[in-house]
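*Asks:* A structural model of the following input is requested.
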Amino acid sequence: MVEQRPAMPDTIHPLAPPPPVESSRAFSQDALASQAVLTEANRQVDIIHTSLAGMTAIVVVLLGAIAKPVFGYTPVTQPWALAIMIAASFAGIGYLYYMNYRVHQHVSQQARLTEVLVNSLGQGFLSFDRDGLCGQVYSQACIDLLETMPADKNIQDVLRIPESQRENFKDWMDILYMPNHALGFDDVIKFMPQFFPHSRERRISLMYRPICARNGALFQVVVIATDQTEEYAAQQRFRQQQNFAEMICRIFKERNQFRTTLTQIRDFLEAADGAPVKRSESAPFLRSLHTLKAAVKHFHLAELGEIIHKLEIDLRSEALTSDEMFQSRLKSGCQRIADALSAVKNEVRDLVGQDYEWRGNTHEVEESAIYEFVHEMQARKVDPGIVHHFLITIAAVAANDCFRAFARELQDLAELMGKQIKPVRFTGSNPRVLTHPIQNFIFSLTHICRNIVDHGIEPPITRMARGKDPAGQVSVHTEIIVDNAQHEWLHFVIGDDGNGIDPSRIRARLAGADPEGSWRNEDDQAVIQHIFNWGFSTRDSITDLSGHGVGMEAVEREVKLLGGTIAVQSELYKGTRFDIRIPYLLDLEDPKTVVPPPRNGQAPSAGMPVI
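*Replies:* Numbers count the residues shown, from 1 in each chain. A predicted model of the protein is given here:
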């Protein structure tokens, strides 16, 4: 609902425990190996320095002998002395040449060995300087993995940085080579490209390693390109298997909800297959698609969810300029949904294909069979007291049980978005309710769930910066209230302690959509009620969780169909509450026969919990 404040950086505790013993041992071994390599390199350099010093000494001695007359000394005239000097010079030069030859051989062997080792790893190695210019040394694998010879090319061209991102890349390069910047090397490279856009869709990961001078200054960066295509495919297969296992477990836990989801999809397909749908009358279909997408993703039906998501995006496209184009796109999309639904039903046939199932001393019976039995009792003029007793003890369930799927979805979405949420806190009298009349309403609560996680609950670091617990708290309050006309209402209050709704953002959106609307004369509490408007969203972009502007409207629609009301109350940075009232019925009466009270943006004070 509101934008998040910038997250504060994590701090490191000064008394943090030391690394594990195994990690310390591995680090020590790496340090010793690195020290051994540097020691050998220093030894070879010392040999070269010794050779240069010896050569300098020989030249100085010879020049001194030649220059003796210049300083008034007797020149060397004895042949034996000259012969000794020449022999010593040649012997010294020969020995120094031999030492340098050995160094050259050693360096050449090490270079060849390094080349063989590097190329045998199958990784692409290259380096670039502060100007982004790549060096002459690179591994043969660069030609295959990076599809170019990087020598003397700019790193932005080698890594194929898009033009729109090159300015940011240059800024991070400047920070990387800045001598006293606050961020460390490992912090900066997180903003560098992590993958290379390979033309054959191979997954090429990129790693960066620093090359520093003795004073610690960075003068080159090594790029390591690794082909992870096979590993990524294996991970994807593992995720698919894990997703299938989670889907089976979720279906076992929420079998009735899963059947409701299948029924909703089937009803949608039948409605789409009926009379041709005009583009101007597509709101119910878009609303249903948005709800179905959330429902199938709750059961980890990833492929089916993506198909529904794509169809929703396609039907919203401005390229559909005629009803015929809209109907064609809807028909093809529904066929893909039907095929995916058939595949899902084949996979889980053994889980949902039986009419009942024994579990210990509990007998599961279809809900429809219970209501058929109630109708049969009413048709046979059974005592209404007996019918009511049957409904409240057999057919009705505790109101909090209707929120079990809601609570699990909260945890799933929070984990997906890197947020933390405590278990849902249930308060109130928890009355028993008939789920059949309100099942579409319960089904639509997935939108409130996603709204809470995406818009409401802040990331842990933001919550701590605001003095809150890192984990958000969501509460559900249920009770029965009686109005002045002695009508009983089932009262729900769903609240969170998150961001709250910023009225100024709502007004900014309304100004763009309806500049001269009546919202200009409304107070903050009235203005935020516009989140229930069709097509209204504070998101700038569409995601799987939000941005379409139909989720909250779908909830309000289901509440109104039941003859109820929904209102939202919010306080910025304190939290948000959704106040819902629907007629409370424990018989098979049509709930729309009860006249609902007007929605005024204010929740009734009786029994209102404090979040």
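
*Asks:* Okay, now the unreliable bits of the stretch 101-250 of the chain?
*Replies:* Residues of the stretch 101-250 of the chain meeting the criterion pLDDT under 70: 106-121.

*Asks:* Now with 90, please.
*Replies:* Under the criterion pLDDT under 90, the flagged ranges of the stretch 101-250 of the chain are 101-126, 130-131, 135-145, 148-149, 151-152, 163-192, 199-201, 211-220, 228-250.

*Asks:* do the stretch 251-400 of the chain as well
*Replies:* Ranges of the stretch 251-400 of the chain meeting pLDDT under 90: 251-268, 270-305, 312-324, 326-327, 330, 340-397.

*Asks:* For Gly456, list the residues it contacts.
*Replies:* By C-beta atoms under 8 Å, 6 or more residues apart in numbering, the contact set of Gly456 is Met1, Gly472, Asp496, Gly498, Asn499, Gly500, Gly575, Thr576. Any C-beta I mention is one placed from the backbone N, CA and C, and that applies to glycine too.

*Asks:* With adjacent residues omitted, what lies nearest to it?
*Replies:* Counting by C-beta to C-beta, 6 or more residues apart in numbering, Gly456 lies nearest to Gly498, which is 3.5 Å off, once chain neighbours are set aside.

*Asks:* do the same with Gly472
*Replies:* Nearest residue to Gly472 in three dimensions, chain neighbours excluded: Ile457, at 3.7 Å (C-beta to C-beta, 6+ apart).

*Asks:* okay but the residue nearest to Gly456 is in contact with Arg577, surely?
*Replies:* No: Gly498 is not in contact with Arg577 according to C-beta atoms under 8 Å; the separation is 11.1 Å.

*Asks:* Looking at those two, which is more packed in?
*Replies:* The neighbour comparison of Gly498 against Arg577 (other C-beta atoms under 10 Å) goes to Gly498, with 29 against 21.

*Asks:* dump the residue contacts of the more buried one.
*Replies:* Contact analysis of Gly498 by C-beta under 8 Å, 6+ apart lists Ile452, His455, Gly456, Ile457, Glu458, Gly472, Gly575, Thr576.

*Asks:* Dump these into a markdown table; add distance to Ala343 and pLDDT as well.
*Replies:* Below are the contacts of Gly498 laid out as a markdown table (distance: C-beta to C-beta, whole Å; pLDDT from 0 to 100):
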| residue | distance to Ala343 | pLDDT |
| --- | --- | --- |
| Ile452 | 32 | 93 |
| His455 | 34 | 88 |
| Gly456 | 35 | 92 |
| Ile457 | 35 | 94 |
| Glu458 | 39 | 94 |
| Gly472 | 37 | 95 |
| Gly575 | 42 | 94 |
| Thr576 | 39 | 95 |
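
*Asks:* Adding secondary structure and distance to Glu231, write those out as CSV.
*Replies:* Formatted as CSV, these follow (DSSP: H, G, I helix; E, B strand; the rest coil; distance: C-beta to C-beta, whole Å):
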residue, secondary structure, distance to Glu231
Ile452, helix, 36
His455, helix, 36
Gly456, helix, 37
Ile457, coil, 34
Glu458, coil, 34
Gly472, strand, 35
Gly575, strand, 43
Thr576, strand, 43
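
*Asks:* can you list those residues in JSON lines and add distance to Asp227?
*Replies:* Below are those laid out as JSON lines (distance: C-beta to C-beta, whole Å):
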{"residue": "Ile452", "distance to Asp227": "41"}
{"residue": "His455", "distance to Asp227": "40"}
{"residue": "Gly456", "distance to Asp227": "42"}
{"residue": "Ile457", "distance to Asp227": "39"}
{"residue": "Glu458", "distance to Asp227": "39"}
{"residue": "Gly472", "distance to Asp227": "41"}
{"residue": "Gly575", "distance to Asp227": "48"}
{"residue": "Thr576", "distance to Asp227": "47"}
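
*Asks:* now the helices for the stretch 251-400 of the chain?
*Replies:* For the stretch 251-400 of the chain, the helices defined by DSSP state H, counting those that start in this stretch cover 255-272, 283-298, 302-315, 323-347, 349-352, 367-379, 384-390.

*Asks:* on that earlier part again, among the contacts of Gly456, which one lies nearest to Val103?
*Replies:* The closest of the contacts of Gly456 to Val103 turns out to be Gly472 (C-beta to C-beta; 65.7 Å).

*Asks:* Next, count neighbours for the closest residue to Gly122 other than its chain neighbours.
*Replies:* Nearest residue to Gly122 in three dimensions, chain neighbours excluded: Ala141, at 5.6 Å (C-beta to C-beta, 6+ apart). Ala141: 20 surrounding residues under other C-beta under 10 Å.

*Asks:* quick one, phi/psi of Ala141?
*Replies:* Dihedral pair for Ala141: phi -70, psi -20, per degrees, to the nearest 10.

*Asks:* okay but it is in contact with Thr226, surely?
*Replies:* No: in this structure, Ala141 is not within contact of Thr226 by C-beta under 8 Å, at 9.2 Å.

*Asks:* Name the residues contacting each of the two.
*Replies:* Residues touching both Ala141 and Thr226 by C-beta under 8 Å, 6+ apart: Gln123, Gly124.

*Asks:* I'd say Gln420 and Glu458 touch.
*Replies:* No: assessed by C-beta under 8 Å, Gln420 is found out of contact with Glu458, at 9.9 Å.

*Asks:* Neighbour count for these two, which is higher?
*Replies:* A side-by-side neighbour count of Gln420 and Glu458, using other C-beta under 10 Å, places Glu458 first with 24 against 16.

*Asks:* Show residues contacting stretch 227-240.
*Replies:* Outside stretch 227-240, the residues that touch it by C-beta under 8 Å, 6+ apart are Gly122, Gln123, Leu145, Arg202, Arg203, Ile204, Ser205.

*Asks:* For stretch 572-587, buried residues please.
*Replies:* For stretch 572-587, the neighbour count (16 or more other C-beta atoms under 10 Å) marks 573, 575-586 as buried.

*Asks:* ok now it, how far from the chain's centre?
*Replies:* Centroid separation for stretch 572-587 versus its chain: 30 Å, with C-alpha atoms, centre = their mean, to the nearest Å.

*Asks:* quick one: terminal-to-terminal distance for that stretch?
*Replies:* Distance between the two ends of stretch 572-587: 41 Å, counting by C-alpha to C-alpha, to the nearest Å.

*Asks:* Over to stretch 296-304?
*Replies:* 7 Å.

*Asks:* what's the answer for stretch 189-208, then?
*Replies:* Stretch 189-208 has an end-to-end distance of 7 Å (criterion: C-alpha to C-alpha).

*Asks:* Show residues contacting that stretch.
*Replies:* Stretch 189-208 has contacts (C-beta under 8 Å, 6+ apart) with 124, 145-147, 159-161, 168-169, 172, 176, 185, 221-229, 232.

*Asks:* try 6 Å this time
*Replies:* With contacts defined as C-beta atoms under 6 Å, 6 or more residues apart in numbering, stretch 189-208 is touched by Leu145, Leu159, Arg160, Trp172, Val221, Ile224, Ala225, Thr226, Asp227, Gln228, Thr229, Tyr232.

*Asks:* Out of these, name the two that are farthest from one another.
*Replies:* Spatially, the most separated pair among the contacts of stretch 189-208 is Trp172 and Thr229, at 26.9 Å (C-beta to C-beta).

*Asks:* about what we covered before: for Asp227, see how far away the residue nearest to Gly122 is.
*Replies:* Using C-beta to C-beta, to the nearest Å, one gets 8 Å for the distance from Ala141 to Asp227.

*Asks:* and if you look at Val158?
*Replies:* Here Val158 is placed at a distance of 16 Å from Asp227 (C-beta to C-beta).
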